[in-house]
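1. give me coordinates for this.
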Amino acid sequence: SGGGTSGGLIGTGSGGLAPNSYWDTETSGKSTSSGGLGRTTAQMTWPYDVNTFTGWNFINIWAADDDYTKNNGYPFLGYPVVYPSPDKTISNGQSSCYDGDNTVTVAGGGTMVKVRSGATLDVVADQRVLLLDGTIVLSGGHLHAWIEAGSGHCGESQAKMTEAGNPDGSVGFIQEELQTSALARIFPNPGSGLYTLEFRNSDPARVVSVEICTMTGILTGSYQLPGTGTYWLDLSGEASGLYFVRVMDLEKVQVIKVIKQ
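-> A predicted model of the protein is given here:
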């Protein structure tokens, strides 16, 4: 209102303002702005366009309105309530289980959860499991994370670890402490989309599973390969950003962070 200059996001400014900020050109009726990026309603509502909301944190800040019940399909501030647990180590012969009604978050916020050799950690939630930085599984340890509807997955004697709302259905990946006996390496890294996956095992009879996941937990590829030799890892058709490649056999799990420029 009034006689000032108007724009889709910013009426007037010096330019270069509001990075990674967007406005709806259709609902606003504005095709220009002194800052931000204009997008159509279809691009800004679920499923979100790959060139919209880049750089937004959909883990701890924003949530996807994938059922159009919270914000008409647009992202909304999730405000997940996170209760960081104290550092915890699960030792040889021990088993622990954590469950939650919506989302269970393991580690993160400077805390650490370590699963040692011979130990087991089960993590189960109705809709979302997040294994954040500080989740460490040593060789010989086991961490199982899955989604299952209902409550009381671990029994009444087990305490809930960390719960948060606003699920989007994604499942986090294990951040394993790297060992000198790593299963594989990926190079060049960072890269432009085509990488070499090199296994360090000389036994062709050993089958290795390879899974590729986006930083929001979306699985983009899954393969069963002989555990020796080199293979092409092609992310040329994927958006730029951070990816997690999980390499696992019957004894070890290794997660490699891959950056596509």
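
2. which stretches in the stretch 51-200 of the chain count as strands?
-> Remark: strands of the stretch 51-200 of the chain, listed N- to C-terminal, are 62-63, 76-77, 88-90, 95-100, 103-106, 113-115, 120-125, 128-131, 135-137, 142-147, 163-164, 184-187, 194-199; assignment by DSSP state E, counting those that start in this stretch.

3. just those: most buried one?
-> Taking mean count of other Cβ atoms under 10 Å as the contact definition, the stretch among the strands of the stretch 51-200 of the chain with the greatest mean neighbour count is strand 103-106, which reaches a mean of 26. No exception for glycine: its C-beta is placed from N, CA and C like everyone else's.

4. elements contacting that one?
-> strand 120-125, strand 128-131, strand 163-164 (3 or more Cβ pairs under 8 Å, 6 or more residues apart in numbering; DSSP states H and E).

5. can I get those in TSV including distance to S209?
-> Supplementary listing: those in TSV, determined by distance: least, Cβ to Cβ, whole Å:
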stretch	distance to S209
strand 120-125	19
strand 128-131	17
strand 163-164	29
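
6. so for V255, which of those sits nearest?
-> Go through the helices and strands packed on strand 103-106 one by one with Cβ to Cβ and the one that ends up closest to V255 is strand 128-131, at 9.5 Å.

7. tell me the mean pLDDT over stretch 45-61?
-> The pLDDT scores in stretch 45-61 average 82.

8. what lies in contact with it?
-> Defining contact as Cβ atoms under 8 Å, 6 or more residues apart in numbering, one finds that stretch 45-61 is touched by 19-20, 22, 37, 39, 42-44, 62, 64-66, 68, 72-75, 77-78, 80, 82, 108, 130, 132, 168, 215-216, 239.

9. what's the first-to-last distance across stretch 201-208?
-> Separation of the first and last residues of stretch 201-208 by Cα to Cα, to the nearest Å is 10 Å.

10. would you mind pulling the contact partners of it?
-> Contact partners of stretch 201-208, identified using Cβ under 8 Å, 6+ apart, comprise L183, A184, F199, Q224, L225, P226, G227, T228, G229, V247, M248, D249.
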